[in-house]
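> Sequence plus the predicted model coming up.
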Amino acid sequence: MKMEPDAHKSSPEANTRRIFKRLGRTIGPFFQEKMFVAGVIMVGAMAFIAIFAPWVSPYPAQGMGQTAVSSCPTSAAGICPPSLQHLFGTEQTGRDLMSRIFFGIRTSMMISVLVVLLAVAIGLGVGLTAGYFGGIVDEALMRVTDIFLSFPHLILALVIVAVLGPGFFDVLIALGATWWPSFARLARAQALEIRSRPYVVLAKASGVTNRSILGRHILPNAISPLLVLISVDLGAVVLAEAGLSFLGLGVRPPTADLGVIIAESANQITTAWWYAFFPGIFLTVLVIGFNLLGDSIRDRVDPRLRGFIGTPAMNKLLRRI
Amino acid sequence: MKSDGAELLRVADLSLDYISPQGIVHALNGVSLSLRRSQLFGVVGESGSGKSTLAYALIRLLPRNAVIRSGEVIFDGMSLLTVPEGKLKDIRGKRISMVFQDPMTSLNPLFKVKDQIGRVLELHRGVNKKEATRLATDFLKAVELPDPEQVLDSYPFQLSGGMQQRVMIAMALSTQPDLIIADEPTSAVDATIQVQILELLSRLRHEHQFSMLFITHSLEVVSAVCDSVGVMYAGSMVETGSVSDIFSSPRHPYTQALLAAIPKSRKSASEPKRLQSISGTPPDLLSLPPGCKFNPRCPYAFENCRTEDPAFRQVGPGHEVACHLYKS
């Protein structure tokens, strides 16, 4: 067998090259899928806007809601149609709508990421413990999970916000508390399966502590199916948060938020189309982006669920008809 | 310290049930065996005869629905069935280690070999990471893996089945245990690798001075490596003895039938095909027949066999059989 001359050389450069090569092999196939690329572009653009909102907004201060100077004197209410000064028009207090939307995306994404992180943390903790130990621990934890699951997400979040009162952190807690059960169930199913794998049994036979087994064997092997759920749920949380804000139970008005803007626009829907249209577009792009990402990751993880449309299998079927 | 011939493990009258929705499964029914230091004891039996359950019962790694009905397990003077869980953790892995059937799934796919052997060494021998890697290299050399450094730096899926099983054996060896329990260690690898692994095990046994409980369904494997054999049937030990005793003068009808069932190569195609099977099926562990468990399939069964459970009788030096045919 002939080897490449520098195949096993471990100079730093060769190492780096090898790491990138391996990384390319892992991620590469993803980019051959249009769905994944579309998802990455959508989410990437939104993330860029969210992170750099103060720099990409035409009127950053107005986006923050710190100044309320009407820059559109022609209208009494301060609502102007799109113009060169205000590409997306202005909203009810005369603030630049584009800036408000950009900062709104920032709020939405931040909440959605934090909520999902919180949900994953709780869900993994509860689910892995329940699945790994089984028995009474499992029963107790899963019945609590079932109680949370028995309410629709938004209804439960509404109740919690109603108790805590609206605000950034209250929304975070409310949504986090309603989102963890699905992660817990998935994590439990994973743990149930992994705990009977030989390497876990062997670890037990080697006197490894339960905590160590959970951390080193169960958790790392349970993560990948959760990725799909994480990605899809990021989009769902964006929607739920916008819904709460729309109802006036989410983020408080001075903070820019897509749900808040859409709620404010509801009164002007017949006279100012841009007011609801632009935030709606961005919200849609954000949610669809997360869903596309989630779907394409799922296709990778479980090819049996791959979309049928446009596949060679479908073409073959069509030809037969 | 490790004197040859001293008794290391004694299992006496071990009975174990699984509670299942269908009823009580009598998985082990009064199993007894004795293992000396540096001895290689083979446990043979069909699927479902309780071989693996026996292995797991020894280190109390049983599913929740298992109930030990009676018996005791004495390991180096300690009663393993009664020691507290905390103390058992020091015995598992350190003094008794295990090798499983399927090497492919016995290693965590997400960690390099180095991390997995290293962890065992850190846990049981209290060495630091650097020292652990050095020791791991030594043990990989001991199991005759070429290029140990390369193997250490590999993920399990980058190794072949035979290499993985060698890694598993190195891992089992690395804590320098007194006893290795091997649950069908060669059933998942192909024939040539099987021979290599068996040769490796018999060589390592002399160098590293461990005893081994070798669980398998293959009589050939037993005859190749073991000193003594125990034949299990329906959760009971039916015959124990040295390899030469069992293979040259099997006493229990079941052992005789098992030996007759080994497929033999024919000298020419014209020779008639001879595959002897044992008539009937293994008993349902939910409702065992009264008396000797083998009596419904036994060609020599008589009245006594259907009513009375036979006790072990000595039929030769170190050769014992549980059968009514032999009166002591």
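Happy to help now that I have it.

> Every contact and neighbour count from this point should use C-alpha atoms.
OK.

> mind checking how far B:Ser265 is from A:Ser265?
87 Å (Cα to Cα, to the nearest Å).

> What of A:Val37?
Taking Cα to Cα as the measure, A:Val37 falls 33 Å from A:Ser265.

> B:Pro146 too?
The gap separating B:Pro146 from A:Ser265 is 72 Å, by Cα to Cα.

> hmm, back to that, for B:Ser265 and A:Ser265, work out which one has more neighbours and name it.
Set B:Ser265 next to A:Ser265 and count neighbours by other Cα atoms under 10 Å in any protein chain shown: A:Ser265 wins out with 21 against 9.

> Which residue, other than its chain neighbours, is closest to the residue in the stretch 1-150 of chain B positioned nearest to chain A?
Using Cα to the nearest Cα, the single residue of the stretch 1-150 of chain B nearest to chain A is B:Gly93, 3.5 Å away. Nearest residue to B:Gly93, sequence neighbours excluded (Cα to Cα, 6 or more residues apart in numbering or on different chains): A:Ser206, at 3.5 Å.

> Surely the residue of the stretch 1-150 of chain B closest to chain A and B:Ala172 touch.
Yes - counting by Cα atoms under 8 Å, a contact exists between B:Gly93 and B:Ala172, whose distance comes to 7.5 Å.

> Compare neighbour counts for the two and give me the winner.
Shown here are B:Gly93 and B:Ala172; by other Cα under 10 Å, B:Gly93 has more neighbours (31 against 27).

> What distance do you get for the residue of the stretch 1-150 of chain B closest to chain A to A:Ala205?
Using Cα to Cα, one obtains 6 Å as the distance from B:Gly93 to A:Ala205.

> Could you pull up the contacting residues of B:Leu16?
Taking Cα atoms under 8 Å, 6 or more residues apart in numbering or on different chains, we find B:Leu16 in contact with B:His26, B:Ala27, B:Leu28, B:Asn29, B:Ala66, B:Val67, B:Ile68, B:Arg69, B:Ser70.

> Quick check: bridge partners of it?
Beta-bridge pairing of B:Leu16 under DSSP bridges involves B:Leu28, B:Ile68.

> What separation do you get for it and A:Gly289?
According to Cα to Cα, B:Leu16 stands 56 Å off from A:Gly289.

> okay, how far is it across stretch A:202-217, tip to tip?
Distance across stretch A:202-217, first residue to last, is 11 Å (Cα to Cα).

> so how far is it from its chain's centroid?
Averaging C-alpha positions (Cα atoms, centre = their mean, to the nearest Å) puts stretch A:202-217 32 Å from its chain's average.

> Write out the residues of chain B neighbouring chain A.
Within chain B, the positions adjacent to chain A are B:59, B:61, B:88-94, B:97-100, B:102, B:105-108, B:110, B:120, B:123 by Cα under 8 Å from any Cα of the partner chain.

> Please list only the buried members of the residues you listed.
Among the residues of chain B next to chain A, those scoring as buried are B:59, B:61, B:88-94, B:97-100, B:102, B:105-108, B:120, B:123 (criterion: 16 or more other Cα atoms under 10 Å in any protein chain shown).

> among those residues, which are in helices?
Among these, the members falling in helices (DSSP state H) are B:Leu88, B:Lys89, B:Asp90, B:Ile91, B:Thr105, B:Ser106, B:Val120, B:Leu123.

> so which of the residues you listed would you say is closest to A:Leu293?
Using Cα to Cα, B:Thr105 comes nearest to A:Leu293 of these, at 30.6 Å.

> who's in contact with the nearest residue to that closest one once chain neighbours are set aside?
Excluding its sequence neighbours, the residue lying closest to B:Thr105 (Cα to Cα, 6+ apart) is A:Pro198, at 5.8 Å. The contact partners of A:Pro198, by Cα under 8 Å, 6+ apart, come to B:Phe100, B:Asp102, B:Thr105, B:Ser106, B:Leu107.

> In its sheet, which strands sit next to the stretch of helix or strand B:Val231 belongs to, and in what direction?
Assigning secondary structure by DSSP states H and E places B:Val231 in strand B:228-233. Sheet partners assigned to strand B:228-233 using DSSP bridges are listed as strand B:40-44 (parallel), strand B:236-242 (antiparallel).
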